[in-house]
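K.L.:
what follows is a predicted structure for the sequence shown.
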Amino acid sequence: MGVPMQAPTLSPSSKSESVMSQINAVDVEISVVLGRSVLPMSQLLKMGRGAVIPLNATETDEVWILANNHPIARGEISISDDRIAITVTRPADVYDYMAGSA
């Protein structure tokens, strides 16, 4: 029989650094919800190129910022270097999001 292998012992700070390193390597998908709309299926089926979907939001309303489809913050639309950007304004209220609040 061979000698049993032992796992390397790590100090508590090394363990937490290792865990944080793994957490920091996780990719998170960020998406932004501009507004919502409810339409009958018949209207959806008729839509084609150029169709306009009205949303329950105005251009000055805050948007929802989602991380892996979970609300994390609210924000405002801005333009940065000719690109659309979102400025975070406050943490998300999950209950408002679930209730469909704009």
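P.N.:
Done, it's in.

K.L.:
residues in contact with stretch 49-63?
P.N.:
32-37, 39, 47, 74-77, 86, 89-90, 102 (C-beta atoms under 8 Å, 6 or more residues apart in numbering). (Glycine included, C-beta is placed from N, CA and C.)

K.L.:
any of those buried? List them.
P.N.:
The neighbour-count test (16 or more other C-beta atoms under 10 Å) marks 74-75, 86 as buried among these.

K.L.:
keep only those of those that are in strands.
P.N.:
74-75, 86 (DSSP state E).

K.L.:
does anything pack onto the longest helix belonging to the chain? Which helices or strands?
P.N.:
Ordering each helix of the chain by length in residues (DSSP state H) puts helix 12-24 first. Applying 3 or more C-beta pairs under 8 Å, 6 or more residues apart in numbering; DSSP states H and E, we find helix 12-24 packed against no helix or strand.

K.L.:
against which helices or strands is the next helix or strand along the chain from that helix packed?
P.N.:
Using DSSP states H and E, the helix or strand that follows helix 12-24 towards the C-terminus is strand 30-33. Here strand 30-33 touches strand 63-67, going by 3+ C-beta pairs under 8 Å, 6+ apart.

K.L.:
how many residues are close by the closest residue to V33 other than its chain neighbours?
P.N.:
In this structure, V33 finds its nearest non-sequential neighbour in W64, 4.0 Å apart by C-beta to C-beta, 6 or more residues apart in numbering. Residues near W64, counting by other C-beta atoms under 10 Å, number 22.
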